[in-house]
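Asks: sequence plus predicted model, see below.
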Amino acid sequence: MPRTTRGSEQRRLQCLQDIQKLQEEIKLLQISNEKLNAVGLDDMSFTELASLGSMLDEGFRIVDEQLDNALEEITTKQLFEYDFMGGDWTQRIEKEDLAYQSLLAGRRVALRNKAREFRLSPPETQPWRSDDPERLKLDIDSLEMEKERLRLFNQRMLGKELDGMSYSELFVFSFEISGAIMKVVSMKKTKRDEEMGKTKRPRPSVNKEPISPGQIRWWWQVLFAHDNTKRLDNFMSLVDKGPSMCAHAFAVDACVQERCPSRSGKAKGIC
């Protein structure tokens, strides 16, 4: 067995620290990547979904503009190739390119799902057990590449760093963004319906407590004040006390009309 020196042990520990740091950075990028692709939106609020939707809308707008520019370039190129290579060759190349980009999009979905599954249900043991610093450096290089891949993909979902993308890449990519937008819109509707359901309150019930003799005397003064202005002022103070009080007043008024018609007429026209 090779002898482990203090220097090699320090390098190994440093590599393990670098690996742990990269894993944490990749984890954050994976979460952002999932959100930008409308995966795992259940824990987001309506406000967060609205913000995400705005970012995706802006990203789609920029990608769509870039797609128009790329279309002009590829049209000019295809006209030139058509003259020299023929229409069949040009169409075949275009179909192959679109098929390849669609295949890459499918692989991105598979990688995203696998990474999410791994993150939510991590294995009990970590694979970074090598004692060889050189082997660990290779692992670091692999993680660096994955980190850059996720970073670039997230930026492109926001309409950034699109230089160098072909027409087929932009075309397929625009469909990925539009698909995410539709899922966000659907989730926003679900969240809005849930919040509206929570804010609905039952209608207040009418107070059915018995009316005391003192209340009856007070209603009498309100309903049958001799002065019209005073009667209106009294009634407005009655309304301020709530619907149940107003209901009691009209109950008294109905009773008075039956027993004392000559006086109940003064209460007419109050409301």
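Replies: Noted; the coordinates are in hand.
Asks: list the buried residues in stretch 107-116.
Replies: Judged by neighbour count (16 or more other Cβ atoms under 10 Å), stretch 107-116 contains these buried residues: 108, 111-112, 115-116. In short, each C-beta sits where N, CA and C put it, glycine included.
Asks: kindly apply the preceding question to stretch 24-41 instead.
Replies: Quick answer for stretch 24-41 (16+ other Cβ under 10 Å): 25-26, 29-30, 32-39, 41.
Asks: with stretch 41-54 instead?
Replies: For stretch 41-54, by 16+ other Cβ under 10 Å, it's 41, 44, 49, 52-53.
Asks: where does the stretch 1-150 of the chain dip in pLDDT?
Replies: For the stretch 1-150 of the chain, the stretches flagged by pLDDT under 70 are 1-4, 78-87, 89-90, 123-131.
Asks: mind listing the helices for it?
Replies: Per DSSP state H, counting those that start in this stretch, the stretch 1-150 of the chain carries helices over the ranges 6-36, 46-85, 87-120, 133-157.
Asks: okay, domains of the protein per the record?
Replies: 6-199, 213-267 (automatic domain parsing).
Asks: which among the buried residues of stretch 24-41 gets closest to Ile181?
Replies: Here the nearest of the buried residues of stretch 24-41 to Ile181, counting by Cβ to Cβ, is Ala38; it sits at 7.8 Å.
Asks: what does the closest one show for phi and psi?
Replies: phi 60, psi 40 (degrees, to the nearest 10).
Asks: so it sits against Lys188, correct?
Replies: No. Shown here, Ala38 and Lys188 do not form a contact pair, counting by Cβ atoms under 8 Å, at 10.8 Å.
Asks: sorry, back to before: redo the helices of the stretch 1-150 of the chain as a markdown table? Include distance to Tyr167.
Replies: Below are those laid out as a markdown table (distance: least, Cβ to Cβ, whole Å):
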| stretch | distance to Tyr167 |
| --- | --- |
| helix 6-36 | 22 |
| helix 46-85 | 4 |
| helix 87-120 | 8 |
| helix 133-157 | 15 |
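Asks: out of those, which is closest to Arg192?
Replies: Arg192 lies closest, by Cβ to Cβ, to one member of the helices of the stretch 1-150 of the chain: helix 46-85, at 5.9 Å.
Asks: can you name every helix or strand that that closest one contacts?
Replies: Here helix 46-85 touches helix 6-36, helix 87-120, helix 133-157, helix 167-199, going by 3 or more Cβ pairs under 8 Å, 6 or more residues apart in numbering; DSSP states H and E.
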